[in-house]
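J.: this one's structure only:
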């Protein structure tokens, strides 16, 4: 008998941890199903996957590899979503590099099985054969995986897998720099390669009785709130941030790739006051409180965001054209930053800013200061935007094509940039404007490397022109007007890694 007990103990010791602790998804689901646990007795649970935005990350760089999803036209995007193996297919959005569809699908799921398996695929419809676009980080078991494999929990209302809500101090272990509900195909370091890289924004959620988006299990077992009462807007702990924001970003769940064990933690609680007005975990210059204020525009406390308000000048009385960014400039700027997971938000009227300023032929420094206070801060009524948004003005003539007139503010003079655009008739005006805009923004991000603003880099007969040719950045006058990009430091001697060295906190220090 003693020999038999010893053998049993030895066998138990040798059993892997994930086997005896039900850490694999199938075991945990099977265990809970046998227990007949209804995660929400008030409703029949259905899970919804919503696609909010799709973007090609193809860029018209000069001197760079040009990604071509479709060699003959813009992409014909469509999405496939698989929920517990059931396939759903979106309509095809023809000839669009940037799609904002708000397309969604819902699927009834078992109420007593916690985990729901979800796969999201982005396709480009082509004659003969459709191509799968890359929206994956490629950190999973398949290096050529282009789709998103996710696991959604009806218990907690969160998902994990190829995308997850991860605090910044965990990203070295589980690299997901693109943020929660956003996936970027460039996360596999294919930024300048032809890899069909795209960006997709999505949300996953379930129905609940009070429609506040917080599952029954969380309300009854974690928050101790009423699952029959809509709690949105509540701030019972008085820390300035409502319960729905702390729910969305206050929990993470992750499966260890090495042993299958599920790791999770509640980071923020609506019942415990956190110092959200001083917390800035992603170091992007926005506190958690400001991340909540801008969450309506999809900011993320664990992923870097860059907000810029741009005000533009009306046309003049003597035929002077309106000082406006050309069509396509905003998308070029968004793509440039988004490829590097600095999510770009340009407020041209879509976020409460974006004023049209009355025409003034000659704009002085004093007048720029007046515009800042009058049209950006609204004489103090919008003071909260200072330290959250950078500020940009497109005017007719302020003396130079562009310059920074405050640590957080820049101007672009259309008279000079239009003239340069006419000289560079072979370059899209959106690139010309986008390059100047990105150059001046770079100064508000503390980019001041050697070779920046050096007039000698503009002329091939000057020594500095050749010295700084490896510095392929719009901060280098030799590339300004031609390139909507900063350098990544990969081009050898006298190159600099702007993307790594820029400071998102510099503008409000």
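T.: Nice, thanks for sending it over. Since this is a predicted model, take the numbers as computed values, not measurements.
J.: and the gap between the closest residue to residue 439 other than its chain neighbours and residue 442?
T.: Spatial nearest neighbour of residue 439, chain neighbours left out: residue 474 (4.7 Å); criterion: C-beta to C-beta, 6 or more residues apart in numbering. Backbone N, C-alpha and C define where each C-beta goes, glycine included. With the distance defined as C-beta to C-beta, to the nearest Å, residue 474 ends up 7 Å from residue 442.
J.: where's the residue nearest to residue 439, which helix or strand?
T.: Here residue 474, judged by DSSP states H and E, is contained in no helix and no strand.
J.: who touches it in this structure?
T.: For residue 474, the contacting residues are 435, 436, 438, 439, 442, 480, 482, 483, 484, 485, 486, by C-beta atoms under 8 Å, 6 or more residues apart in numbering.
J.: ok, residue 417 next?
T.: Residue 417 neighbours (C-beta under 8 Å, 6+ apart): 401, 402, 432, 433, 436.
J.: can you pick out the most distant pair from those residues?
T.: Within the contacts of residue 417, two members stand farthest from each other by C-beta to C-beta: 402 and 432, at 11.4 Å.
J.: how's the protein carved up into domains?
T.: Using automatic domain parsing, the domain ranges for the chain come out as 46-207+244-266, 304-508.
J.: could you report the neighbour count for residue 422?
T.: Using other C-beta atoms under 10 Å, residue 422 has 10 other residues around it.
J.: can you report phi and psi for it?
T.: Backbone torsions for residue 422, taken as degrees, to the nearest 10, come to phi -70, psi -40.
J.: state the distance from it to residue 416.
T.: Remark: distance between residue 422 and residue 416 (C-beta to C-beta) = 11 Å.
J.: residue ranges of the strands in the stretch 201-350 of the chain, please?
T.: 251-255, 262-266, 305-313, 343-347 (DSSP state E, counting those that start in this stretch).
J.: ditto for the stretch 401-509 of the chain
T.: Here the stretch 401-509 of the chain has its strands, by DSSP E, counting those that start in this stretch, at 402-406, 409-413.
J.: of those strands, which is nearest residue 114?
T.: Proximity to residue 114 (C-beta to C-beta) singles out strand 409-413 among the strands of the stretch 401-509 of the chain, at 49.8 Å.
J.: list the helices and strands the closest one packs on?
T.: strand 389-395, strand 402-406, helix 429-444 (3 or more C-beta pairs under 8 Å, 6 or more residues apart in numbering; DSSP states H and E).
J.: now do the buried residues in it.
T.: Neighbour-count burial for strand 409-413, with 16 or more other C-beta atoms under 10 Å as criterion, is recorded at 409, 410, 411, 412, 413.
J.: might you report the residue contacts of the second one?
T.: Meaning residue 410. Applying C-beta under 8 Å, 6+ apart, we find residue 410 in contact with 390, 391, 392, 393, 402, 403, 404, 437, 440, 441, 443, 444.
J.: give me the most central residue, the protein.
T.: Per C-alpha atoms, centre = their mean, the C-alpha nearest to the average position across the chain is that of residue 343, at 4.0 Å.
J.: so it sits against residue 300, correct?
T.: Yes: taking contacts as C-beta atoms under 8 Å, residue 343 lies within contact range of residue 300: 7.4 Å.
J.: name the residues contacting each of these two.
T.: Taking C-beta under 8 Å, 6+ apart as the contact rule, residue 343 and residue 300 both touch 179, 182.
J.: now do the helices in the chain.
T.: All helices of the chain, identified by DSSP state H, fall at 2-14, 17-20, 25-34, 216-218, 243-249, 288-293, 329-338, 365-371, 414-423, 429-444, 463-467, 498-501.
J.: which of these comes out lowest on mean pLDDT?
T.: The stretch with the lowest mean pLDDT among the helices of the chain is helix 17-20, at a mean of 30.
J.: flag the shaky bits of the stretch 1-150 of the chain, pLDDT-wise.
T.: For the stretch 1-150 of the chain, applying pLDDT under 70 flags the ranges 1-36, 59-72, 138-144.
J.: which one of the strands of the stretch 201-350 of the chain is the most hemmed in?
T.: Mean neighbour count, computed with mean count of other C-beta atoms under 10 Å, is highest for strand 305-313 among these, reaching a mean of 24.
J.: if we can go back for a sec, got the domains of the chain as JSON lines, with distance to residue 235 columns?
T.: Output for the domains of the chain, formatted as JSON lines (distance: least, C-beta to C-beta, whole Å):
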{"stretch": "domain 46-207+244-266", "distance to residue 235": "9"}
{"stretch": "domain 304-508", "distance to residue 235": "17"}
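J.: what's the overlap in contacts for residue 474 and residue 442?
T.: Common neighbours of residue 474 and residue 442, using C-beta under 8 Å, 6+ apart, are residue 486.
J.: quick revisit: closest to residue 37 out of the domains of the chain?
T.: Between the domains of the chain, domain 46-207+244-266 lies closest to residue 37; by C-beta to C-beta that is 5.2 Å.
J.: select, out of the domains of the chain, the one closest to residue 274.
T.: When the domains of the chain are compared by C-beta to C-beta, domain 46-207+244-266 sits nearest residue 274, at 8.0 Å.
J.: quick check: end-to-end length of the closest one?
T.: 24 Å (C-alpha to C-alpha, to the nearest Å).
J.: use 13 as the first number from now on
T.: Got it, the first residue is 13 from now on, which makes the last one we talked about domain 58-219+256-278.
J.: so how far is it off the chain centroid?
T.: The chain centroid and the centroid of domain 58-219+256-278 are separated by 12 Å under C-alpha atoms, centre = their mean, to the nearest Å.
J.: gap between the two ends of stretch 159-178?
T.: Separation of the first and last residues of stretch 159-178 by C-alpha to C-alpha is 19 Å.
J.: residue 163 - how many residues pack around it?
T.: Neighbour number of residue 163 under other C-beta under 10 Å is 19.
J.: quick check: beta-bridge partners of it?
T.: Residue 163 has the following beta-bridge partners by DSSP bridges: residue 129, residue 172.
J.: just checking, it touches residue 127?
T.: Yes: counting by C-beta under 8 Å, residue 127 is a contact partner of residue 163 at 5.2 Å.
J.: Throw the helices of the chain into TSV and include distance to residue 139, thanks.
T.: Output for those, formatted as TSV (distance: least, C-beta to C-beta, whole Å):
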stretch	distance to residue 139
helix 14-26	57
helix 29-32	47
helix 37-46	39
helix 228-230	48
helix 255-261	41
helix 300-305	44
helix 341-350	26
helix 377-383	51
helix 426-435	36
helix 441-456	29
helix 475-479	46
helix 510-513	37
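J.: residue 58: which of the ones you listed is closest?
T.: Closest among these, using C-beta to C-beta: helix 228-230, at 13.6 Å.
J.: now find how far off-centre the closest one is within its chain.
T.: 28 Å.
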